[in-house]
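**Q** Sharing a model that was predicted from the sequence below.
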Amino acid sequence: MQKWIGNFTAKRKKESHQIDEDQPEPSKKIKLPSYRKAASGYNRFCAEYFKSETMITSQSLKNKAAATAWRELTDEEKEEINKKAKESSNIDPQKLNTEEKSKLIKTHLKQIVKEVEFIEQIGGEIAGVMLLPTGEVCCLGSTAGLNFLSNNSDIDLKFRKHFACPEQPQRYTEKDLTQLFQKKYSELVGHCCGEVPWKRDNFKAAGMPEGIALKRPCFYGSKQIQAIMKKSHDIKFVFKDEMEEAAPEIESDVDIADVRTVLEAIVGKEVANRALTDGNSLIDEYEVEVVDLAMPQDLNFKLHMCEKYFTKDATLSVCLNLSHSKVISDLILPTYTTENPFWLFFCNESPAKIVEMAKKKPSSRISGHWFDLDPISGQYSLQKARASIAVKSIIKSSLGGIVYHQWNRDAHDLTYRPPIDMVNAINHILTQQGYL
(Lines give C-alpha, C1' and ligand atoms only; values in the text may rest on other atoms or scores of the structure.)
Protein backbone atom coordinates (compact mmCIF):
# COMPACT_ATOMS: atom_id res chain seq x y z
CA MET A 1 0.00 0.00 0.00
CA GLN A 2 2.82 2.43 0.91
CA LYS A 3 4.58 1.61 -2.36
CA TRP A 4 1.43 2.38 -4.33
CA ILE A 5 1.00 5.75 -2.55
CA GLY A 6 4.65 6.65 -3.20
CA ASN A 7 4.39 5.80 -6.91
CA PHE A 8 1.13 7.72 -7.22
CA THR A 9 2.71 10.82 -5.58
CA ALA A 10 5.75 10.63 -7.87
CA LYS A 11 3.45 10.33 -10.90
CA ARG A 12 1.47 13.41 -9.82
CA LYS A 13 4.71 15.41 -9.38
CA LYS A 14 5.94 14.34 -12.82
CA GLU A 15 2.64 15.33 -14.48
CA SER A 16 2.69 18.68 -12.66
CA HIS A 17 6.28 19.30 -13.83
CA GLN A 18 5.32 18.53 -17.45
CA ILE A 19 2.40 20.98 -17.28
CA ASP A 20 4.72 23.70 -15.95
CA GLU A 21 7.16 23.11 -18.82
CA ASP A 22 4.41 23.71 -21.38
CA GLN A 23 3.62 27.13 -19.90
CA PRO A 24 5.70 30.19 -20.85
CA GLU A 25 8.51 30.91 -18.40
CA PRO A 26 7.86 34.06 -16.36
CA SER A 27 10.25 37.00 -16.71
CA LYS A 28 13.11 36.59 -14.22
CA LYS A 29 14.38 39.61 -12.37
CA ILE A 30 18.13 40.06 -12.20
CA LYS A 31 20.04 41.40 -9.21
CA LEU A 32 22.66 44.10 -9.46
CA PRO A 33 26.27 42.82 -9.34
CA SER A 34 27.76 42.61 -5.86
CA TYR A 35 30.24 45.45 -6.52
CA ARG A 36 27.42 47.91 -7.23
CA LYS A 37 25.62 49.00 -4.09
CA ALA A 38 21.86 49.43 -4.47
CA ALA A 39 20.33 52.80 -3.57
CA SER A 40 18.97 53.06 -0.01
CA GLY A 41 15.54 54.43 0.84
CA TYR A 42 17.13 57.66 2.05
CA ASN A 43 19.10 58.08 -1.20
CA ARG A 44 15.94 57.48 -3.22
CA PHE A 45 14.06 60.04 -1.14
CA CYS A 46 16.85 62.63 -1.58
CA ALA A 47 16.91 62.12 -5.35
CA GLU A 48 13.17 62.81 -5.59
CA TYR A 49 13.43 65.73 -3.17
CA PHE A 50 16.21 67.41 -5.19
CA LYS A 51 14.06 67.19 -8.34
CA SER A 52 11.14 68.96 -6.65
CA GLU A 53 13.22 71.54 -4.77
CA THR A 54 14.31 74.15 -7.31
CA MET A 55 14.52 77.25 -5.10
CA ILE A 56 17.68 76.20 -3.24
CA THR A 57 20.85 76.36 -5.37
CA SER A 58 23.49 75.37 -2.81
CA GLN A 59 24.02 71.58 -2.66
CA SER A 60 24.92 71.67 1.06
CA LEU A 61 21.68 73.53 1.85
CA LYS A 62 19.75 71.03 -0.28
CA ASN A 63 21.27 68.16 1.72
CA LYS A 64 20.28 69.78 5.02
CA ALA A 65 16.73 70.45 3.79
CA ALA A 66 16.38 66.86 2.55
CA ALA A 67 17.63 65.48 5.90
CA THR A 68 15.09 67.64 7.76
CA ALA A 69 12.26 66.50 5.47
CA TRP A 70 13.29 62.85 5.95
CA ARG A 71 13.16 63.16 9.75
CA GLU A 72 9.64 64.60 9.53
CA LEU A 73 8.34 61.47 7.76
CA THR A 74 6.44 58.85 9.75
CA ASP A 75 7.87 55.36 10.23
CA GLU A 76 5.24 53.96 7.82
CA GLU A 77 6.27 56.43 5.09
CA LYS A 78 9.96 55.62 5.56
CA GLU A 79 9.21 51.89 5.42
CA GLU A 80 7.29 52.34 2.16
CA ILE A 81 10.21 54.27 0.59
CA ASN A 82 12.70 51.63 1.78
CA LYS A 83 10.51 48.92 0.27
CA LYS A 84 10.44 50.68 -3.13
CA ALA A 85 14.21 51.18 -3.03
CA LYS A 86 14.74 47.48 -2.34
CA GLU A 87 12.44 46.52 -5.23
CA SER A 88 14.32 48.84 -7.59
CA SER A 89 17.56 46.91 -6.94
CA ASN A 90 16.03 43.94 -8.80
CA ILE A 91 15.73 44.74 -12.50
CA ASP A 92 13.20 43.23 -14.90
CA PRO A 93 14.92 43.26 -18.33
CA GLN A 94 11.61 43.04 -20.22
CA LYS A 95 10.44 46.32 -18.69
CA LEU A 96 13.52 48.29 -19.77
CA ASN A 97 13.46 50.26 -23.01
CA THR A 98 16.50 50.54 -25.31
CA GLU A 99 17.64 53.83 -23.77
CA GLU A 100 17.47 52.43 -20.22
CA LYS A 101 19.34 49.29 -21.25
CA SER A 102 22.06 51.34 -22.96
CA LYS A 103 22.44 53.55 -19.89
CA LEU A 104 22.72 50.52 -17.60
CA ILE A 105 25.22 48.83 -19.92
CA LYS A 106 27.32 52.01 -20.09
CA THR A 107 27.45 52.18 -16.29
CA HIS A 108 28.64 48.59 -15.97
CA LEU A 109 31.09 48.94 -18.86
CA LYS A 110 32.89 51.64 -16.88
CA GLN A 111 33.26 49.16 -14.02
CA ILE A 112 34.56 46.50 -16.42
CA VAL A 113 37.16 48.96 -17.76
CA LYS A 114 38.39 49.57 -14.20
CA GLU A 115 38.67 45.81 -13.62
CA VAL A 116 40.57 45.40 -16.90
CA GLU A 117 43.01 48.16 -15.92
CA PHE A 118 43.64 46.42 -12.59
CA ILE A 119 44.20 43.04 -14.27
CA GLU A 120 46.61 44.68 -16.73
CA GLN A 121 48.60 46.20 -13.85
CA ILE A 122 49.20 42.75 -12.34
CA GLY A 123 50.33 41.24 -15.64
CA GLY A 124 47.14 40.03 -17.33
CA GLU A 125 46.10 40.83 -20.90
CA ILE A 126 42.47 41.04 -22.09
CA ALA A 127 40.73 41.70 -25.41
CA GLY A 128 36.94 41.82 -25.65
CA VAL A 129 34.24 42.70 -28.17
CA MET A 130 30.68 43.59 -27.20
CA LEU A 131 27.55 44.15 -29.27
CA LEU A 132 25.29 46.80 -27.71
CA PRO A 133 21.47 46.73 -28.08
CA THR A 134 21.81 49.68 -30.48
CA GLY A 135 23.83 47.48 -32.88
CA GLU A 136 27.12 49.28 -32.13
CA VAL A 137 30.21 47.11 -31.63
CA CYS A 138 32.33 48.12 -28.64
CA CYS A 139 35.93 46.97 -28.08
CA LEU A 140 37.58 46.91 -24.67
CA GLY A 141 40.71 45.43 -23.15
CA SER A 142 44.25 46.05 -22.00
CA THR A 143 46.64 48.15 -24.09
CA ALA A 144 48.12 45.07 -25.79
CA GLY A 145 44.64 43.57 -26.18
CA LEU A 146 43.28 46.68 -27.90
CA ASN A 147 46.35 46.73 -30.12
CA PHE A 148 45.56 43.13 -31.12
CA LEU A 149 41.97 44.08 -32.00
CA SER A 150 43.12 47.10 -34.03
CA ASN A 151 45.51 44.88 -36.01
CA ASN A 152 42.69 42.38 -36.64
CA SER A 153 39.85 44.73 -37.49
CA ASP A 154 37.80 41.97 -39.14
CA ILE A 155 37.06 40.50 -35.69
CA ASP A 156 34.34 43.04 -34.89
CA LEU A 157 32.78 42.50 -38.34
CA LYS A 158 32.67 38.73 -37.78
CA PHE A 159 31.30 39.30 -34.28
CA ARG A 160 28.53 41.53 -35.62
CA LYS A 161 27.78 39.05 -38.40
CA HIS A 162 27.54 36.16 -35.92
CA PHE A 163 24.82 37.89 -33.90
CA ALA A 164 22.98 39.48 -36.85
CA CYS A 165 19.35 38.44 -37.33
CA PRO A 166 19.03 36.43 -40.59
CA GLU A 167 15.52 37.79 -41.22
CA GLN A 168 16.89 41.35 -41.16
CA PRO A 169 20.13 41.46 -43.18
CA GLN A 170 22.39 44.40 -42.42
CA ARG A 171 22.04 47.38 -44.74
CA TYR A 172 25.45 48.90 -45.39
CA THR A 173 25.86 52.63 -45.96
CA GLU A 174 28.37 54.90 -47.65
CA LYS A 175 30.06 55.32 -44.25
CA ASP A 176 30.60 51.54 -43.99
CA LEU A 177 32.15 51.48 -47.46
CA THR A 178 34.40 54.45 -46.61
CA GLN A 179 35.67 52.60 -43.53
CA LEU A 180 36.27 49.45 -45.60
CA PHE A 181 38.33 51.33 -48.21
CA GLN A 182 40.32 53.05 -45.44
CA LYS A 183 41.06 49.64 -43.92
CA LYS A 184 42.13 48.16 -47.28
CA TYR A 185 44.41 51.11 -48.02
CA SER A 186 45.91 50.91 -44.51
CA GLU A 187 46.71 47.23 -45.17
CA LEU A 188 48.38 48.23 -48.44
CA VAL A 189 50.72 50.83 -46.93
CA GLY A 190 51.20 48.95 -43.65
CA HIS A 191 49.91 51.72 -41.42
CA CYS A 192 46.56 53.00 -40.16
CA CYS A 193 45.48 55.90 -42.41
CA GLY A 194 42.69 58.37 -41.76
CA GLU A 195 41.89 59.15 -45.41
CA VAL A 196 42.39 57.38 -48.74
CA PRO A 197 44.47 59.60 -51.10
CA TRP A 198 42.22 59.26 -54.16
CA LYS A 199 44.01 62.06 -56.04
CA ARG A 200 47.28 60.09 -56.01
CA ASP A 201 45.73 57.45 -58.29
CA ASN A 202 48.61 55.05 -57.57
CA PHE A 203 46.62 51.99 -56.47
CA LYS A 204 43.84 49.72 -57.68
CA ALA A 205 41.49 47.12 -56.17
CA ALA A 206 41.50 43.37 -56.81
CA GLY A 207 38.51 41.17 -55.97
CA MET A 208 35.79 43.75 -56.64
CA PRO A 209 32.34 42.46 -57.73
CA GLU A 210 32.05 41.90 -61.47
CA GLY A 211 31.19 45.07 -63.38
CA ILE A 212 31.96 47.43 -60.47
CA ALA A 213 35.09 49.61 -60.72
CA LEU A 214 36.98 51.22 -57.85
CA LYS A 215 36.03 54.86 -57.16
CA ARG A 216 35.16 57.13 -54.27
CA PRO A 217 32.38 55.71 -52.00
CA CYS A 218 30.10 58.70 -52.70
CA PHE A 219 29.82 57.65 -56.38
CA TYR A 220 28.22 54.26 -55.64
CA GLY A 221 24.50 53.52 -55.40
CA SER A 222 22.91 51.51 -52.59
CA LYS A 223 22.89 48.19 -54.52
CA GLN A 224 26.55 48.58 -55.48
CA ILE A 225 27.48 49.30 -51.86
CA GLN A 226 25.72 46.11 -50.69
CA ALA A 227 27.48 44.07 -53.41
CA ILE A 228 30.92 45.45 -52.51
CA MET A 229 30.46 44.92 -48.76
CA LYS A 230 29.38 41.30 -49.32
CA LYS A 231 32.73 40.68 -51.02
CA SER A 232 34.75 42.72 -48.50
CA HIS A 233 36.94 39.75 -47.54
CA ASP A 234 37.95 39.18 -51.19
CA ILE A 235 38.87 42.81 -51.92
CA LYS A 236 42.51 43.83 -51.74
CA PHE A 237 44.19 47.13 -52.64
CA VAL A 238 47.44 46.85 -54.65
CA PHE A 239 49.78 49.42 -56.16
CA LYS A 240 49.50 49.87 -59.91
CA ASP A 241 52.03 48.07 -62.13
CA GLU A 242 54.37 50.99 -62.39
CA MET A 243 54.30 51.41 -58.63
CA GLU A 244 55.11 47.75 -58.02
CA GLU A 245 58.54 48.13 -59.58
CA ALA A 246 61.33 48.77 -57.12
CA ALA A 247 61.65 52.50 -56.66
CA PRO A 248 64.99 54.11 -55.83
CA GLU A 249 65.40 54.74 -52.13
CA ILE A 250 64.73 58.34 -51.19
CA GLU A 251 67.69 60.05 -49.59
CA SER A 252 66.98 60.83 -45.97
CA ASP A 253 67.72 64.15 -44.30
CA VAL A 254 68.58 62.33 -41.06
CA ASP A 255 72.16 62.72 -39.90
CA ILE A 256 73.83 59.32 -39.31
CA ALA A 257 75.04 60.51 -35.89
CA ASP A 258 71.45 61.23 -34.85
CA VAL A 259 70.34 57.82 -36.11
CA ARG A 260 73.10 56.17 -34.07
CA THR A 261 72.01 58.07 -30.95
CA VAL A 262 68.39 56.97 -31.45
CA LEU A 263 69.26 53.32 -32.08
CA GLU A 264 71.70 53.11 -29.16
CA ALA A 265 68.99 54.41 -26.81
CA ILE A 266 66.73 51.56 -27.95
CA VAL A 267 68.99 48.53 -28.51
CA GLY A 268 72.45 49.44 -27.20
CA LYS A 269 75.71 50.24 -29.00
CA GLU A 270 76.54 46.75 -30.32
CA VAL A 271 73.20 46.09 -32.05
CA ALA A 272 72.99 49.70 -33.29
CA ASN A 273 76.43 49.43 -34.89
CA ARG A 274 75.49 46.14 -36.57
CA ALA A 275 72.26 47.61 -38.00
CA LEU A 276 74.11 50.65 -39.39
CA THR A 277 76.99 48.70 -40.96
CA ASP A 278 75.05 45.69 -42.30
CA GLY A 279 72.10 46.80 -44.44
CA ASN A 280 70.64 43.25 -44.52
CA SER A 281 70.64 42.81 -40.73
CA LEU A 282 67.48 44.28 -39.20
CA ILE A 283 66.89 44.79 -35.49
CA ASP A 284 64.61 42.05 -34.13
CA GLU A 285 61.97 42.24 -31.40
CA TYR A 286 64.03 40.38 -28.76
CA GLU A 287 66.83 42.95 -29.17
CA VAL A 288 64.62 45.87 -28.12
CA GLU A 289 65.76 46.59 -24.56
CA VAL A 290 63.83 49.71 -23.61
CA VAL A 291 60.82 50.05 -21.36
CA ASP A 292 59.06 53.44 -21.06
CA LEU A 293 61.43 55.02 -23.57
CA ALA A 294 61.39 58.83 -23.35
CA MET A 295 63.30 60.85 -25.96
CA PRO A 296 64.04 64.57 -26.34
CA GLN A 297 61.82 66.36 -28.86
CA ASP A 298 64.56 66.68 -31.53
CA LEU A 299 65.49 62.97 -31.42
CA ASN A 300 61.83 61.99 -31.35
CA PHE A 301 61.45 63.49 -34.85
CA LYS A 302 64.44 61.38 -35.99
CA LEU A 303 62.87 58.26 -34.48
CA HIS A 304 59.96 58.47 -36.94
CA MET A 305 62.49 58.14 -39.78
CA CYS A 306 64.36 55.05 -38.48
CA GLU A 307 61.73 52.44 -39.32
CA LYS A 308 63.89 50.78 -42.00
CA TYR A 309 66.31 49.47 -39.35
CA PHE A 310 63.65 47.36 -37.55
CA THR A 311 61.62 44.25 -38.32
CA LYS A 312 57.83 44.63 -38.18
CA ASP A 313 57.60 42.99 -34.72
CA ALA A 314 60.46 45.13 -33.39
CA THR A 315 58.75 48.26 -34.74
CA LEU A 316 55.57 47.38 -32.84
CA SER A 317 57.58 46.66 -29.68
CA VAL A 318 59.30 50.06 -29.79
CA CYS A 319 56.00 51.86 -30.37
CA LEU A 320 54.37 50.08 -27.40
CA ASN A 321 57.32 50.89 -25.11
CA LEU A 322 57.42 54.61 -25.88
CA SER A 323 56.71 56.87 -22.92
CA HIS A 324 54.78 60.08 -23.58
CA SER A 325 54.65 63.05 -21.23
CA LYS A 326 51.57 63.59 -19.07
CA VAL A 327 52.71 67.09 -18.07
CA ILE A 328 53.50 69.11 -21.19
CA SER A 329 50.73 70.67 -23.30
CA ASP A 330 50.44 73.36 -26.01
CA LEU A 331 50.98 70.81 -28.77
CA ILE A 332 51.21 71.32 -32.53
CA LEU A 333 49.77 68.29 -34.33
CA PRO A 334 50.08 67.60 -38.08
CA THR A 335 46.94 66.08 -39.62
CA TYR A 336 46.15 64.15 -42.78
CA THR A 337 44.40 66.07 -45.57
CA THR A 338 43.43 65.39 -49.18
CA GLU A 339 44.36 68.86 -50.47
CA ASN A 340 47.75 69.87 -48.97
CA PRO A 341 50.53 67.56 -47.76
CA PHE A 342 49.36 68.25 -44.18
CA TRP A 343 47.61 70.77 -41.95
CA LEU A 344 48.61 71.89 -38.44
CA PHE A 345 46.34 71.88 -35.38
CA PHE A 346 46.96 73.36 -31.91
CA CYS A 347 45.56 71.84 -28.69
CA ASN A 348 46.17 71.91 -24.91
CA GLU A 349 46.10 68.13 -24.34
CA SER A 350 49.13 66.15 -23.16
CA PRO A 351 50.83 63.63 -25.51
CA ALA A 352 50.04 60.78 -23.10
CA LYS A 353 46.31 61.53 -23.18
CA ILE A 354 46.20 61.76 -26.98
CA VAL A 355 48.09 58.46 -27.36
CA GLU A 356 45.69 56.78 -24.91
CA MET A 357 42.68 58.12 -26.84
CA ALA A 358 44.21 56.87 -30.11
CA LYS A 359 44.56 53.36 -28.66
CA LYS A 360 41.15 53.06 -27.01
CA LYS A 361 38.89 55.10 -29.30
CA PRO A 362 40.48 56.58 -32.45
CA SER A 363 37.19 58.27 -33.41
CA SER A 364 37.21 60.44 -30.25
CA ARG A 365 37.81 64.16 -30.79
CA ILE A 366 40.03 66.83 -29.25
CA SER A 367 39.36 70.58 -29.23
CA GLY A 368 41.72 73.34 -30.29
CA HIS A 369 42.51 75.74 -33.16
CA TRP A 370 43.59 75.38 -36.78
CA PHE A 371 46.57 77.19 -38.31
CA ASP A 372 46.48 79.16 -41.57
CA LEU A 373 49.58 78.93 -43.79
CA ASP A 374 51.00 81.99 -45.51
CA PRO A 375 52.46 80.49 -48.73
CA ILE A 376 54.83 83.44 -49.21
CA SER A 377 56.45 83.65 -45.75
CA GLY A 378 55.96 79.98 -44.87
CA GLN A 379 54.63 80.99 -41.46
CA TYR A 380 51.48 79.65 -39.81
CA SER A 381 48.95 81.90 -38.05
CA LEU A 382 46.74 80.58 -35.25
CA GLN A 383 43.01 80.99 -35.92
CA LYS A 384 40.83 82.33 -33.11
CA ALA A 385 37.81 80.16 -33.89
CA ARG A 386 37.71 76.90 -31.92
CA ALA A 387 37.51 73.61 -33.81
CA SER A 388 37.90 69.89 -33.17
CA ILE A 389 39.56 66.96 -34.93
CA ALA A 390 39.32 63.17 -34.68
CA VAL A 391 42.38 61.60 -33.05
CA LYS A 392 42.73 59.19 -35.98
CA SER A 393 43.40 62.14 -38.33
CA ILE A 394 46.71 62.96 -36.59
CA ILE A 395 49.72 61.90 -38.67
CA LYS A 396 51.48 58.97 -37.05
CA SER A 397 54.24 56.49 -37.87
CA SER A 398 54.31 52.81 -36.98
CA LEU A 399 57.58 53.34 -35.05
CA GLY A 400 57.21 56.62 -33.18
CA GLY A 401 53.43 56.88 -32.89
CA ILE A 402 51.81 60.32 -33.24
CA VAL A 403 53.88 63.30 -34.40
CA TYR A 404 53.73 66.38 -32.16
CA HIS A 405 55.75 69.47 -31.21
CA GLN A 406 55.48 71.48 -28.00
CA TRP A 407 54.94 75.15 -28.84
CA ASN A 408 56.76 77.43 -26.38
CA ARG A 409 55.05 80.58 -27.58
CA ASP A 410 54.70 84.17 -26.53
CA ALA A 411 51.14 84.86 -25.36
CA HIS A 412 50.87 87.76 -27.84
CA ASP A 413 52.54 86.01 -30.79
CA LEU A 414 50.13 83.87 -32.83
CA THR A 415 52.60 82.93 -35.60
CA TYR A 416 54.43 79.62 -35.80
CA ARG A 417 57.10 78.11 -38.01
CA PRO A 418 57.58 74.32 -37.65
CA PRO A 419 61.17 73.13 -37.09
CA ILE A 420 62.80 71.58 -40.15
CA ASP A 421 63.20 68.22 -38.35
CA MET A 422 59.44 68.09 -37.82
CA VAL A 423 58.71 68.88 -41.49
CA ASN A 424 61.23 66.24 -42.62
CA ALA A 425 59.67 63.64 -40.32
CA ILE A 426 56.15 64.42 -41.58
CA ASN A 427 57.19 64.28 -45.25
CA HIS A 428 59.06 61.02 -44.65
CA ILE A 429 56.01 59.40 -43.01
CA LEU A 430 53.63 60.58 -45.75
CA THR A 431 56.03 59.29 -48.42
CA GLN A 432 56.27 55.88 -46.75
CA GLN A 433 52.47 55.70 -46.53
CA GLY A 434 52.00 56.59 -50.21
CA TYR A 435 50.59 60.10 -49.76
CA LEU A 436 53.56 61.91 -51.34
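**A** Arrived safely.
**Q** what ranges do the strands span in the stretch 1-150 of the chain?
**A** Per DSSP state E, counting those that start in this stretch, the stretch 1-150 of the chain carries strands over the ranges 30-31, 90-91, 127-131, 137-141.
**Q** typo on my end, it should be the stretch 301-436 of the chain
**A** Using DSSP E, counting those that start in this stretch, strands in the stretch 301-436 of the chain cover 331-335, 343-347, 365-373, 380-390, 396-397, 401-402, 405-406, 415-416.
**Q** ok, of those, where does mean pLDDT dip lowest?
**A** Here the lowest mean pLDDT among these goes to strand 401-402, at a mean of 76.
**Q** helices or strands next to it in the packing?
**A** helix 351-360 (3 or more Cβ pairs under 8 Å, 6 or more residues apart in numbering; DSSP states H and E). The C-beta positions use only the backbone N, C-alpha and C, and glycine is treated the same way.
**Q** make it 10 Å
**A** In terms of contacts (3 or more Cβ pairs under 10 Å, 6 or more residues apart in numbering; DSSP states H and E), strand 401-402 is packed against helix 312-321, strand 331-335, helix 351-360.
**Q** Cys46: neighbouring residues, count only.
**A** For Cys46, the number of neighbouring residues by other Cβ atoms under 10 Å comes to 19.
**Q** what sits against it?
**A** Ala39, Ser40, Lys62, Asn63, Ala65, Ala66, Ala67, Ala69, Trp70 (Cβ atoms under 10 Å, 6 or more residues apart in numbering).
**Q** that older thread, which of the strands of the stretch 301-436 of the chain is buried the deepest?
**A** Highest mean neighbour count of those: strand 396-397, a mean of 24 (counted as mean count of other Cβ atoms under 10 Å).
**Q** strand partners of it, parallel vs antiparallel please.
**A** strand 401-402 (antiparallel) (DSSP bridges).
**Q** what's the partner strand in contact with?
**A** Strand 401-402 has contacts (Cβ under 10 Å, 6+ apart) with 300, 303-304, 318-320, 322, 324, 331, 333-334, 351, 354-355, 357-359, 391, 394-396.
**Q** change it to 8 Å
**A** Cys319, Leu322, His324, Leu333, Pro351, Ile354, Val355, Ala358, Ile394, Ile395, Lys396 (Cβ atoms under 8 Å, 6 or more residues apart in numbering).
**Q** so which of the residues you listed comes closest to Glu99?
**A** Ala358 (29.6 Å; Cβ to Cβ).
**Q** which residue packs closest to that closest one, ignoring adjacent ones?
**A** Nearest residue to Ala358 in three dimensions, chain neighbours excluded: Val391, at 4.8 Å (Cβ to Cβ, 6 or more residues apart in numbering).
**Q** tally of neighbours for the one you found?
**A** Neighbour tally, Val391, other Cβ under 10 Å: 24.
**Q** surely it meets Ser363?
**A** Yes - counting by Cβ atoms under 8 Å, Val391 does reach Ser363; the two are 7.5 Å apart.
**Q** Filter the contacts of Cys46 down to the ones in helices?
**A** By the criterion of DSSP state H, membership of the contacts of Cys46 in helices covers Lys62, Asn63, Ala65, Ala66, Ala67, Ala69, Trp70.
**Q** Any chance of a markdown table for these, columns pLDDT and neighbour count?
**A** Output for the ones in helices among the contacts of Cys46, formatted as a markdown table (pLDDT from 0 to 100; neighbours: other Cβ atoms under 10 Å):
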| residue | pLDDT | neighbour count |
| --- | --- | --- |
| Lys62 | 75 | 16 |
| Asn63 | 78 | 14 |
| Ala65 | 81 | 17 |
| Ala66 | 78 | 19 |
| Ala67 | 81 | 14 |
| Ala69 | 83 | 14 |
| Trp70 | 82 | 16 |
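**Q** Same list, those, but as JSON lines with distance to Leu96 please.
**A** Formatted as JSON lines, the ones in helices among the contacts of Cys46 follow (distance: Cβ to Cβ, whole Å):
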{"residue": "Lys62", "distance to Leu96": "29"}
{"residue": "Asn63", "distance to Leu96": "30"}
{"residue": "Ala65", "distance to Leu96": "32"}
{"residue": "Ala66", "distance to Leu96": "28"}
{"residue": "Ala67", "distance to Leu96": "32"}
{"residue": "Ala69", "distance to Leu96": "30"}
{"residue": "Trp70", "distance to Leu96": "29"}
